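Participant: sequence first, then the predicted structure:
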Amino acid sequence: MSSSNKELKDRIKNASDNSERFIYQDDEAIEKPFNWAQMRRLFYYMKPYKRQLIPVIIAMIIGTITRLTIPALTIMAIDKAIDPPSGDPSYTKLYTIAAIMVALFIIQWASNSYRIKYTNIIGQKVIYDLRHHLFQHIQKLSFRFYDKRPAGSVLVRVTNDVNALQDLFTNGVVNSLMDCVQLVGIVVILLAWNFKLGLAVMITVPIMFLVSSTLRKRIRFAWQDVRKKQSRINSHLNESIQGMKITQAYVQEKENMRFFDNMNAVNVKAWNKASALNQAFGPVIEITSAIGTFILFWYGSYLIEHKEITVGLLVGFANYVGNFWDPINRLGQVYNQLLVAMASSERIFEFIDEEPTVAELGNAMPLASIRGDVKFDNIIFEYEKGRPALHGVTIDVKAGQSIALVGHTGSGKSTIINLLCRFYDPVQGSIRIDGQDIRNVTIDSLRSQVGLVMQDTFIFAGTIRDNIRYGRLDATDNEIVEAAKAVHAHDFIMSLPDGYNTEVEERGNVLSMGQRQLLSFARALLADPRVLILDEATASIDTETELRIQEALKALLKGRTSFMIAHRLSTIRNADEIIVLDHGRIVEQGNHEALIRKNGIYNGLIEAQYRFLSA
Ligand SMILES: Nc1ncnc2c1ncn2[C@@H]1O[C@H](COP(=O)(O)OP(=O)(O)OP(=O)(O)O)[C@@H](O)[C@H]1O
């Protein structure tokens, strides 16, 4: 429901940042001082397009020369053709000058069009390269990097920060070069034609510069504030949408709305302020340039009276002075862009300079086809210095064996699988597959032979078929169906409206938990890894699905070495070996019967968690 005008006005007036419930990290680039080293680094991205830039710069020079020539022709038209000293107007001269002017306008138009078109094309290529480089790099970064940052902040750098450089690369660089040439050209011409009048006209330049830079600075800060507010709205929206189910479940809609309204109003308030400042800019500039024009005509007519200049020259001066403020204005704008670009590029380079903590050795060899023997040798690992998550874990697994990892929450089960996939490297000890230390082999060759089925099955937006194919992109449709059949997913897929062509949304919200599990099994089976890691879903499912999943698991695990973070008793029971973890240590090990007989920690865990199932 919309609020009344007065209510809305009051809300905007009283909106305040301080009433915020959550703290959002500001992820918008503010500005940074100019930094040459960074600028050089940015320009490095333009290097591949050096040759393409040459015709653009030539077009820019032609455009500038023609622009500077046209007012000179106006003077000529007045002083030599319309009102020559002889007092006898010459139409032939006038037509010739007019024809030259038309030709120059056409040349100017053509060169400007060329320049604008190609600066945009080159700029977009540079932005493409930069985004490509950044994304390529962040894909290589290790889990430690992502542990420290919310996904949103990574996203902002790949999108907003790169976008912030767009203007600089597409228009900024070439246009400012053009503006500088034009400014210097005008100053030289004006002073050469009439030093005194030139100087008089330029008195307003420092005033204009001072006024414009002060005002611009305030406008810049005001818009930055708007962006900050908008980015908070984005963060809040992102969180709200993701947490919508919880909001509705806890009936927090009203509170959420109140909070959102405040943010919304804070944003409008900031926008109003920035926009008011923006509107003040135009008149201030116009008044200053009007003062310049006044000086020109006042002093110019004085000089005409004293026969120091001609009428044509005064008209020419007026023309040039008119062309004077635009470049000054644009240079001010580019300066603003540059400061924001400094902040954005600093943030981009911070990511690009980040080295993956799990690095591939220079002489790493691809891991040859493995059998699947896995050995953890006295592994010590810590996520944060001084807080070990694993204290000397040794596990020896023969190819084809299935291992169930059990233990209380936080006992180190996921850590073991993180290390086996080499998402992190141990602080001490080694992990060997078929006798080879996994640090000595290429990461791709390792991960392509170690399959991972996560608890939170990730379903991508696309068809069911594409989602299964993600396991092996060159799999045929037939292989996909075979994999689905093997893990008993075929029947439910066929019952969907379009079978394998059914479109599923990102994260697969339309599929049930069990169905998602089966899809991820099919995906893993297609990839056919020798070593399989499975983080079993914790959600309880009905007995029929449970049975189907157990059947599917059997098919999936057959002939593979497997590590399972098992939550279901049926899965744990079927494992060849159960490893019981407690606070990062292996405290018990053996098969289900042996461990139950032992009547130790495992028995306690099973008693506590699965009593109702095993009864
Ligand atoms: N990214 C991380 N950064 C810092 N500490 C972490 C990180 N991930 C896990 N830990 C810590 O390491 C320890 C082991 O965690 P791990 O995730 O391996 O436990 P888990 O047995 O898999 O638990 P759960 O059953 O709840 O998933 C815990 O104390 C946890 O707080």
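Facilitator: Yep, that arrived.

Participant: wait, isn't residue 342 in contact with residue 37?
Facilitator: No. Contact criterion C-beta atoms under 8 Å: residue 342 and residue 37 do not qualify, at 10.8 Å. The C-beta positions use only the backbone N, C-alpha and C, and glycine is treated the same way.

Participant: higher neighbour count, the two?
Facilitator: Per other C-beta atoms under 10 Å, whichever of residue 342 and residue 37 has more neighbours is residue 342, with 22 against 8.

Participant: mind checking the SS state of the closest residue to that one other than its chain neighbours?
Facilitator: In this structure, residue 342 finds its nearest non-sequential neighbour in residue 32, 4.0 Å apart by C-beta to C-beta, 6 or more residues apart in numbering. When classified by DSSP: H, G, I helix; E, B strand; the rest coil, residue 32 comes out as coil.

Participant: can you give me the end-to-end distance of stretch 81-89?
Facilitator: 5 Å (C-alpha to C-alpha, to the nearest Å).

Participant: measure the residue in the stretch 51-200 of the chain that the ligand sits nearest to to residue 357 for me?
Facilitator: Nearest residue of the stretch 51-200 of the chain to the ligand (C-beta to the nearest ligand atom) works out as residue 147 at 4.0 Å. Residue 147 sits 10 Å away from residue 357, going by C-beta to C-beta, to the nearest Å.

Participant: list the buried ones in whichever helix or strand the residue of the stretch 51-200 of the chain closest to the ligand is part of?
Facilitator: Using DSSP states H and E, residue 147 maps to helix 143-148. Within helix 143-148, the residues scored as buried using 16 or more other C-beta atoms under 10 Å are 143-145.

Participant: how about stretch 415-427?
Facilitator: For stretch 415-427, by 16+ other C-beta under 10 Å, it's 415-426.

Participant: ditto for stretch 199-209
Facilitator: Buried-residue list, stretch 199-209, by 16+ other C-beta under 10 Å: 200-202, 204-205, 208.

Participant: just stretch 208-225 next, same as before
Facilitator: Result for stretch 208-225 [16+ other C-beta under 10 Å]: buried residues 208, 211-212, 215-216, 219-220, 222-225.

Participant: cool, stretch 77-94 as well?
Facilitator: 77-82, 94.

Participant: what residues does the stretch 101-250 of the chain have near the ligand?
Facilitator: residue 147 (C-beta under 6 Å from any ligand atom).

Participant: any regions of the stretch 101-250 of the chain where pLDDT drops low?
Facilitator: Across the stretch 101-250 of the chain, residues meeting the criterion (pLDDT under 70) sit at 150-152.

Participant: rewinding a little: check the gap between the nearest residue to the residue of the stretch 51-200 of the chain closest to the ligand once chain neighbours are set aside and the ligand for me.
Facilitator: Of all residues not flanking residue 147 in the chain, residue 383 sits nearest, at 7.1 Å (C-beta to C-beta, 6+ apart). Going from residue 383 to the ligand by C-beta to the nearest ligand atom, to the nearest Å gives 3 Å.

Participant: returning to what we had before: nearest to residue 181, of the buried residues of stretch 415-427?
Facilitator: Closest approach to residue 181 among the buried residues of stretch 415-427 (C-beta to C-beta): residue 423, at 53.7 Å.

Participant: low-confidence ranges, this protein, go.
Facilitator: 1-3, 17-30, 150-152, 506-509, 537-543, 610-615.

Participant: do that again at 50, thanks
Facilitator: Scanning the chain for pLDDT under 50 picks out 1, 19, 614-615.

Participant: around the ligand, pick out the residues from it.
Facilitator: 147, 383-384, 389, 407, 409-415.

Participant: please convert the buried members of those residues into ChimeraX selection syntax.
Facilitator: Buried members of the residues of the chain next to the ligand, defined by 16+ other C-beta under 10 Å, are picked up in ChimeraX with:
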select :389,407,411,412,413,414,415
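
Participant: report the two of the residues of the chain next to the ligand separated the most.
Facilitator: 147 and 407 (21.2 Å).

Participant: in the sheet, who's paired with the closest residue to residue 437 other than its chain neighbours?
Facilitator: Spatially, and ignoring its direct neighbours in sequence, residue 437 is nearest to residue 430 (4.9 Å; C-beta to C-beta, 6+ apart). Taking DSSP bridges as the rule, residue 430 bridges to residue 377.

Participant: you'd agree residue 430 is up against residue 422?
Facilitator: No. Under the criterion of C-beta under 8 Å, residue 430 makes no contact with residue 422, lying 11.6 Å away.

Participant: what touches both of the two?
Facilitator: When contacts are counted by C-beta atoms under 8 Å, 6 or more residues apart in numbering, the set common to residue 430 and residue 422 consists of 438-439.

Participant: and residue 383, helix, strand or coil?
Facilitator: strand.

Participant: apologies, that question was intended for residue 459.
Facilitator: coil.

Participant: list the contacts of the closest residue to residue 201 other than its chain neighbours.
Facilitator: Using C-beta to C-beta, 6+ apart and skipping residues adjacent in sequence, the residue nearest residue 201 is residue 296, 5.2 Å away. Applying C-beta under 8 Å, 6+ apart to residue 296 gives the contacts 197, 200-201, 314, 317-318, 321.

Participant: okay, which residue is most central for this structure?
Facilitator: With distances taken as C-alpha atoms, centre = their mean, the residue of the chain nearest its centroid is residue 158 (1.8 Å).

Participant: quick check: the gap between that residue and residue 179.
Facilitator: Residue 158 is 31 Å from residue 179, by C-beta to C-beta.

Participant: got it, and residue 200?
Facilitator: Distance from residue 200 to residue 179, by C-beta to C-beta: 23 Å.

Participant: now do the strands in the chain.
Facilitator: 374-384, 387-397, 402-407, 428-433, 436-437, 450-453, 462-463, 503-504, 531-535, 561-565, 577-582, 585-590 (DSSP state E).

Participant: as PDB, could you dump the C-alpha coordinates of the third one?
Facilitator: Right, strand 402-407. Taking C-alpha atoms only, strand 402-407 is exported to PDB below (Å, rounded to 0.1, in the frame of the first residue of the first chain):
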ATOM      1  CA  SER A 402      34.300 -47.800   1.600                       C
ATOM      2  CA  ILE A 403      35.000 -45.600   4.600                       C
ATOM      3  CA  ALA A 404      32.300 -43.900   6.800                       C
ATOM      4  CA  LEU A 405      33.400 -40.900   8.700                       C
ATOM      5  CA  VAL A 406      31.400 -40.300  11.800                       C
ATOM      6  CA  GLY A 407      31.600 -38.000  14.800                       C
END
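
Participant: and that strand, what does it pack against?
Facilitator: Contact here means 3 or more C-beta pairs under 8 Å, 6 or more residues apart in numbering; DSSP states H and E; on that basis strand 402-407 packs against helix 413-420, strand 561-565, helix 569-574, strand 577-582, helix 601-614.

Participant: can you give the distance of the longest helix seen in the chain from its chain's centre?
Facilitator: In the chain, assigned by DSSP state H, the helix with the most residues is helix 253-305. Centroid displacement of helix 253-305 relative to its chain, using C-alpha atoms, centre = their mean, to the nearest Å, is 31 Å.
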